[in-house]
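[1] My questions concern the predicted model and sequence given below.
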Amino acid sequence: MDGSMLDRVGDLRNLPRHVIIVAGDAPSDTALGLRAHLSVADLPNGAGKYRALRAACQFSSARLAAARKKRRVAHGQRDVRELTRTGMALMGERDQVALLQLIVTKGMDLTDSDSGCLMFVEADERNVPRLRITLYQTDSLPDLPSMTGVTYPIDDASIIGRAVVAKEPVIVPDVYELPRGVGIGFDATFDETFGYRVRSMLIVPMVDRLDRVVGVLLFVNRKSDRSAIIRNKGDADRYVLPYTFREVQVARALASQAAVSIENAKLYAQIENILDNFVRASALAIDQRDPTTAGHSVRVAALVTDLAAAVERDGRGAYRDVRFTHQQMRELHFAALLHDFGKVAVREELLSKAKKLSPQLWERVDARFDLIRRTMEVDYHRKCVETLLRAGSNRQIDSVAEADFARELEELEMLRTVVRLANEPSVEAGRPMTDLAAIAKRTFERHDGTVVPYLSSDELRYLQLSIGTLDPHERAAVEGHVEATFRFLVGIPWTDDLKNLTTYAYGHHEKLDGSGYPRKLRGEEIPIQTRIMTIADMFDALTASDRPYKSAVDADKALDILRSEAEAGRLDSELIRIMVESQAYQRILQEDWRQL
């Protein structure tokens, strides 16, 4: 700089940092002062000034190179950080839809692209591999219709197909200016249809660990300004840049991470699907030990998840802030499906006991009443024969004795009816029939002279049960299925997202007042998930039309029973209110359990 440029001293502050400012004469030396890096004003000859200026240029070039290298290092560090974060995000994402969206979005950010596309290699109906678009998005076309399902051939005739065949990235600076003789062309239909302008393109194949191309990442129009909109050639001329080695490296790294993450996500989905089907099959296997209870666990699981969803929607009361994540809902659903698994350890005759007396005991009682009738008939006819023999053959049978015999037979059948009715179970506790004890005291004499009661003590004990079909010992055996369920479930190494499954299933017969079993838990010791399951289990047991030991009650009657249990402090009244108001129970009543 010399004296002729003094009026532009103020512009020096806008110069790049690599520029070296040299004062060429005394006036500029004075004007620049400390802002000059070098002064040649005092050098005596031109050769010295030349060498000084040459050194300044070399120094400026070195500073510029250093600045560029620093920027490249900074960009490289940024890319590494972004790829690391992206890799962690990809490895942690299990939802396949969210995973694919993340891959495309991150790829567009890392390569400064206007468009991103993910394609997978899939076989068509003729078992020929083709590329199918799975996800496509363009910043400049936010309302672009879905292109999912569009396929492309895998061959050397297309830019994308060539990348798959070669298993190498392909860079195209301008798709409208492809070199002659390369044997590929560009179809401009997309640009013409949607008002867009494709220029630069980067295609990176995704290769799995077996060296197979599983898909392609396609990026279009690297932009100098990420906010720019590309709709025509002018926009492309102004904003679109060719892809460089840097974008290729970044995209390759992303493609490698994407291939691994997609494979992991597929494996995870397969494992989850296997687990889902195993749990469901286990539940069906238990229910179908007795075909009359098939579908119970599936219905309970459906009602549990429907009621949990209703709790979230309710927005008032004690549970207004309760929310369940997707994983928590899945955990609750599994717990409900497996809540009765311990019944595998219970004898089938107890699970399917339809009457108070077992089939063997009822057959014995019924046969005894037949024997009593036959004995009464034999005694009556023997007396008639004896009477005829004493009085002569022309003596008639006494009509009074015949009427008494008819009344005795009628009374016997009435007693048999009383016993038959007493053998029917009741859903709600009732008072034992007083006639049973009197019937049990009656006796008859067998042909061998043995005196036998109408009902044995064991038979009387079963017939006098106030509710259900099981005596205390049998009920304890059935209730033991809860402990058996716990022993089975606790031995399975559940993943962290299913760690509470055993606890929820273990407590489905606990009551808030401590009257439940097996641990006699009370109040806050019982989590909301278990409370929901208890209500669902009871409701299905009441309304199911397939239980051998009872007739189904309608929904209103079942809800009345649940309300009475809540009023007695045994069930959660708030959850019952939500179930009634939301009618969450309707689905299991209206749909076939096989479709739930």
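    That came in fine, so what should we check first? Numbers count the residues shown, from 1 in each chain.
[2] from what I can see Leu110 touches Gln257, true?
    No. If you go by CB atoms under 8 Å, Leu110 and Gln257 don't touch, sitting 11.0 Å apart. C-beta coordinates here come from the backbone N, C-alpha and C atoms, glycine included.
[3] my read: Ala23 touches Leu38, true?
    Yes. In this structure Ala23 lies within contact range of Leu38 using CB under 8 Å: 7.2 Å.
[4] the more surrounded of the two?
    Between Ala23 and Leu38, counted using other CB atoms under 10 Å, the more crowded position is Ala23 (23 against 14).
[5] roughly how far apart are the more buried one and Ala505?
    Distance, Ala23 to Ala505, using CB to CB, to the nearest Å: 87 Å.
[6] mind showing which ranges of the protein have poor pLDDT?
    Applying pLDDT under 70 to the chain flags residues 1-13, 24, 29, 31-35, 71-94, 181-183, 289-294, 390-398, 427-434, 545-551.
[7] Domain-wise, how is it divided?
    Listed by automatic domain parsing, the domain ranges of the chain are 3-72, 93-267, 288-351+476-595, 359-468.
[8] What is the end-to-end distance of the longest one?
    Read it as domain 288-351+476-595. Using CA to CA, to the nearest Å, the span of domain 288-351+476-595 from its first residue to its last is 16 Å.
[9] got the contact list for Glu565?
    Taking CB atoms under 8 Å, 6 or more residues apart in numbering, we find Glu565 in contact with 511, 538, 571.
[10] tell me what the one helix or strand Asp537 maps to is packed against?
    Secondary structure assigned from DSSP states H and E places Asp537 in helix 528-543. On a contact count with 3 or more CB pairs under 8 Å, 6 or more residues apart in numbering; DSSP states H and E, helix 528-543 meets helix 296-314, helix 326-337, helix 501-506, helix 555-567, helix 573-582.
[11] contacts for stretch 437-457?
    With contacts defined as CB under 8 Å, 6+ apart, stretch 437-457 is touched by 365, 368-369, 371-372, 375-376, 415, 418-419, 436, 459-460, 463-464.
[12] ditto for stretch 409-424
    355-357, 362, 365-366, 369, 372-373, 376-377, 433, 435-436, 439, 442, 454-455, 463-464.
[13] Out of the domains of the chain, the one nearest Asn277 is which?
    Asn277 sits nearest to domain 288-351+476-595 of all those, at 11.0 Å, using CB to CB.
[14] Which stretches in the stretch 151-300 of the chain count as helices?
    Ranges of helices within the stretch 151-300 of the chain are 159-166, 189-194, 233-239, 245-287, 296-314, based on DSSP state H, counting those that start in this stretch.
[15] typo on my end, the stretch 351-500 of the chain
    Using DSSP H, counting those that start in this stretch, helices in the stretch 351-500 of the chain cover 359-391, 399-422, 434-441, 457-463, 472-479, 481-490.
[16] Would you convert the ones you listed into TSV that also reports mean neighbour count and distance to Ala309?
    Listed next are the helices of the stretch 351-500 of the chain as TSV, based on neighbours: other CB atoms under 10 Å; distance: least, CB to CB, whole Å:
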stretch	mean neighbour count	distance to Ala309
helix 359-391	14	43
helix 399-422	14	43
helix 434-441	14	48
helix 457-463	18	43
helix 472-479	14	30
helix 481-490	18	24
